[in-house]
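Peer 1: This is a predicted model, with the sequence first.
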Amino acid sequence: MTSNEIRNAFLKFFESKDHHIVPSAPMVVKNDPTLMFTNAGMNQFKDIFLGNSQPEYCRVADSQKCLRVSGKHNDLEEVGRDTYHHTMFEMLGNWSFGDYFKKEAIDYGWEFLTEVMKLDKNRLYATVFQGDEKDGTSFDQEAYDFWKTHLPEDRILKGNKKDNFWEMGDTGPCGPCSEIHIDLRDDAERAKVPGRDLVNKDNPLVIEIWNLVFMQYNRTASGELQLLANRHVDTGMGFERLCMAVQNKKSNYDTDVFQPIIQKIAQLANVRYGDNHDVDVALRVVADHLRAVSFAIADGQLPSNTGAGYVIRRILRRAIRYGFTFLNFKEPFINTLVSDLVAQMGHQFPELAKQQDLMQRIILEEEQSFLKTLAKGIARFDDYASKHAAQGVVDGDFAFELFDTYGFPVDLTQLLASEKNLTVDMEGFQRGLQQQKERSRAAAAVATDDWMVLIPQDTPTKFVGYHQTECECKIVKYRKVTAKNKVYYQIVLDQTPFYAESGGQVGDTGLLESINETVAIYNTTKENNLTIHHAAQLPENLNAAFTAKIDTTKRQMTANNHSATHLLDHALRAVLGTHVEQKGSLVAFDRLRFDFSHFAKMTEEEITRTEKMVNELIRKNLPLQEHVDIPIEEARAKGAIALFGEKYGNLVRVIQFGEAIELCGGTHTSATGNIGFFKIVSEGAVAAGVRRIEAVTGSAAEAMVYEQQELIKSVRETLGSHNIMQAIQKLNDDNAAYKKKIEEFEKQQVSSFCKELESEAAEVNGVQVISKIVDFSADVLRNAAFQLRTTSNRVVVLGSVCDGKPNLVVAVSDDLVPKYEAPKLVRAAGKLIQGGGGGQPGLSTAGGKNPAGLPDAVAEVLRLVAEA
């Protein structure tokens, strides 16, 4: 069976078992501060497990795209070194929300693997939870008994808490799990050592393929386990591992999931997979990372220097450097593989095909940028090696600097070192790496207490903020949070007018008032479908009746800006074309930011047309048309635009201002006239094919215009003329005239200077040499050297100090090249002024940081001429 057939068989099997097949959630997680990426199939169902929302279906199955770059067996630097771990992978899963439990989960798993996939029953093992005395949990006899109907007892193994008790995190839903393992070794190996002895022993051919989690507990912050009101089943099966088992391969990378890409890379690199260990690792790394980066970009996460964007950039750079080091790719190549990935996986994941052009452009730009960084890092290493060759060892701190600053893996540093007969201080490198990890952990450390429940509530907080700015409410629960030595509180209300930060719109601020006290709410966020109000302190009487009041001024300004982004999106599609897609946004009370797909810098004329169109829509005072809870297909039929990388339910909210129609959950102004005025502040590039507009509206836009008017007024006063353009033209004309006079003066100066220098020429090793340190600009030095080199049998070396920085010019007459080459001479001398340089064989220049070294630099050139 092909990988596509295996995936389809899984989905059809569970559809036949009355499971609703849902699409994969985006791999990039939004509106969840606890996760950057989807790292398990259950992530999109967290709210159900936590009891914060009700399931639409009690039985669900899907194939979820996931990304893991940390944790057990998921250190990024290890991916590609073995044959079965990945960054991006697919997780096949089936779920029961308060419906079936252990028996059916075990029976379904056995039936699918043995009857549909036709896997050898004699190669399968199951593990069950042995219990944990500290937690007060007992052996999972129930699961064990169900497995006995399918397997002999010697292939049902007991597992400890580490392997057979699944937890979402330090707190939250959890429970015992039952893993299904398969022994893929040859019969001869199986005869020597039974598979049961290798289960969970990190053997690459005795592996877990399916984990059946039975969620029946909730772990509190104190570590106590409490029974859940509803029991759930959460299963996850590694798609790539299943393909390895079904296709009878010894490695995930040998399946048709990876081989088409690996073979394409090998063809481009003119190598063969399987001939060389380092080459094989590099091929696996590039194939794996291509998938991770492409899926992330398709889901809306662009490479950057912070957060999730940094993770994606780090993954891509690892692929680039493996291609550079072991496959000899010195030019961008990964971007050319995107079309192969789309051809292979675009049918199951249509977002790949839709974003193919964007993925290729962004990856190409990242490759070009990082290859330049690698070149700088290699130059940095060469410089270090030349100065420390006598030590025989590359300092661990320097190796870590290369890793941290230039993205060098330590094995690349070791390779460069070995070429110069040096070793690397690995202990020092590991020390620096560990210190960095500890700093990161400390910066991210957050201590969160358990929720203190005041009012049991099964339904989410009711949001009334679309049409109300205040409401009566009660505190449902609260908890204390400590982060960076600061304590604050998170409060959940039964109903609220506060909009929680999501979809690019910032969270509301405001007040929580009772008869006796007032508490400031400084932010509102969303976590696991909970609307969380952030406060520096708690009310004294937590059980009081409260009134929640938002800051209406900030809310109105934010709503105006959000509506303005919709008008901007509409205008951009009209001015630039319908290829424009929103790639991100920020909507705050004082500004807005809009990222969109477009492959060229906007012209001034396009910016003006866009501004005019938005302001025209504002002046039309178009009323807000809000369509609530309409089927998503009906919304699309209306022409509603969906947000890039967002997951929508079956029922959606549509915001419409005239012909500007979008799916949106944010707050908006009642009519476009309230926006007042729209002004673009800047337009620039975010990444390849992605532009960013920063803009302001209303009073902020007015303030910008007033500021520009004041600037114009100041310019008029400075120029002493009301006709600014005429005065500037006169300045330009005068400047051109003065520049011409200066050039004529410099020519005379150079001519006079050259005559003076020629009179001081000396003979060195049969060559006429002119050398001097003077107080002229670098341009004068260069022009003089160029003029002096026209006389045969001559070497010229001139130096000067301008603005505290040394300059050096070396010129050689044509008849002496290549005996003397200016670039070699200037580079040797440049080191003495702590600089470097280069140029043409007949004329080269250098700059540096050490003016005091200039006499020695000139002397070095004379020495080299004398010894040639």
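Peer 2: Happy to help now that I have it. Here the structure is a predicted model, which is why all the values come from computation and not from measurement.
Peer 1: going forward, measure contacts between C-alpha atoms and count neighbours the same way
Peer 2: OK.
Peer 1: Any figure for the gap between the closest residue to A784 other than its chain neighbours and I770?
Peer 2: Distance criterion Cα to Cα, 6 or more residues apart in numbering; nearest residue to A784, sequence neighbours excluded, is V750 at 5.5 Å. Remark: distance between V750 and I770 (Cα to Cα, to the nearest Å) = 15 Å.
Peer 1: Scan the chain for its longest helix.
Peer 2: Using DSSP state H, we find that the single longest helix of the chain is helix 724-759.
Peer 1: related to what we said a few turns ago, was I right about the residue nearest to A784 contacting F786?
Peer 2: No: under the criterion of Cα atoms under 8 Å, V750 is not in contact with F786, lying 10.3 Å apart.
Peer 1: Just want to know which of the two has more residues nearby.
Peer 2: Neighbours were tallied for V750 and for F786 using other Cα atoms under 10 Å; the higher tally belongs to V750 (22 against 19).
Peer 1: What residues does the more buried one make contact with?
Peer 2: With contacts taken as Cα atoms under 8 Å, 6 or more residues apart in numbering, V750 has the following neighbours: 780, 783-784.
Peer 1: Where helices are concerned, which of these count?
Peer 2: For these, the ones inside helices are 780, 783-784, with DSSP H as the criterion.
Peer 1: Run a quick neighbour tally on V774.
Peer 2: By the measure other Cα under 10 Å, the count of residues near V774 is 11.
Peer 1: With adjacent residues omitted, what lies nearest to it?
Peer 2: Of all residues beyond its chain neighbours, the one nearest V774 is S800 (5.2 Å), with distances taken as Cα to Cα, 6+ apart.
Peer 1: what about that neighbour, which SS state?
Peer 2: Under the three-state scheme (DSSP: H, G, I helix; E, B strand; the rest coil), S800 adopts strand.
Peer 1: That one contacts S771, doesn't it?
Peer 2: No: here S800 lies out of contact with S771, judged by Cα under 8 Å, at a distance of 11.4 Å.
Peer 1: quick one: low-confidence parts of the protein?
Peer 2: Counting by pLDDT under 70, the ranges of the chain that qualify are 31, 70-75, 443-444, 644-645.
Peer 1: Residue nearest the middle of it, spatially speaking?
Peer 2: G309 (1.5 Å; Cα atoms, centre = their mean).
Peer 1: Give me the phi and psi for K134.
Peer 2: Dihedral pair for K134: phi -60, psi -40, per degrees, to the nearest 10.
Peer 1: What degree of burial does it show, as a neighbour count?
Peer 2: K134 sits with 6 neighbouring residues when counted by other Cα under 10 Å.
Peer 1: now do H347
Peer 2: Taking other Cα under 10 Å as the criterion, the count of residues near H347 is 12.
Peer 1: Compare the ones in helices among the contacts of V750 and tell me which is most surrounded.
Peer 2: Each of these was scored by neighbour count (other Cα under 10 Å); the top score is that of A784, with 25 neighbours.
Peer 1: what sits against that residue?
Peer 2: A784 makes contact with 750-751, 753-754 under the criterion Cα under 8 Å, 6+ apart.
Peer 1: Can you tell me how far it is from L757?
Peer 2: Computed as Cα to Cα, the A784 to L757 distance reads 9 Å.
Peer 1: Over to V311?
Peer 2: In this view, V311 and L757 are 59 Å apart by Cα to Cα.
Peer 1: what do you get for A703?
Peer 2: Computed with Cα to Cα, the distance linking A703 and L757 is 60 Å.
Peer 1: Just want to know which of those two has more residues nearby.
Peer 2: With neighbours defined as other Cα under 10 Å, A703 and L757 compare such that L757 has more, 17 against 13.
Peer 1: Do I have it right that that one meets V769?
Peer 2: No: look at L757 against V769 with Cα under 8 Å: they stay out of range, at 10.0 Å.
Peer 1: Find residues that contact each of these two.
Peer 2: Common contacts of L757 and V769, defined by Cα under 8 Å, 6+ apart, are absent altogether.
Peer 1: what's the burial count for N516?
Peer 2: For N516, the tally of surrounding residues (other Cα under 10 Å) stands at 10.
Peer 1: ok so it is a strand residue?
Peer 2: No: counting by three-state DSSP, one finds N516 to be coil, located in no strand.
Peer 1: For D170, list the residues it contacts.
Peer 2: With contacts defined as Cα under 8 Å, 6+ apart, the neighbours of D170 are 219, 221.
Peer 1: Report the separation between it and Y488.
Peer 2: The separation that D170 has from Y488, given Cα to Cα, amounts to 20 Å.
Peer 1: got a winner among the contacts of A784 for most neighbours?
Peer 2: Once you tally neighbours by other Cα under 10 Å, V750 ends up highest among the contacts of A784, having 22 neighbours.
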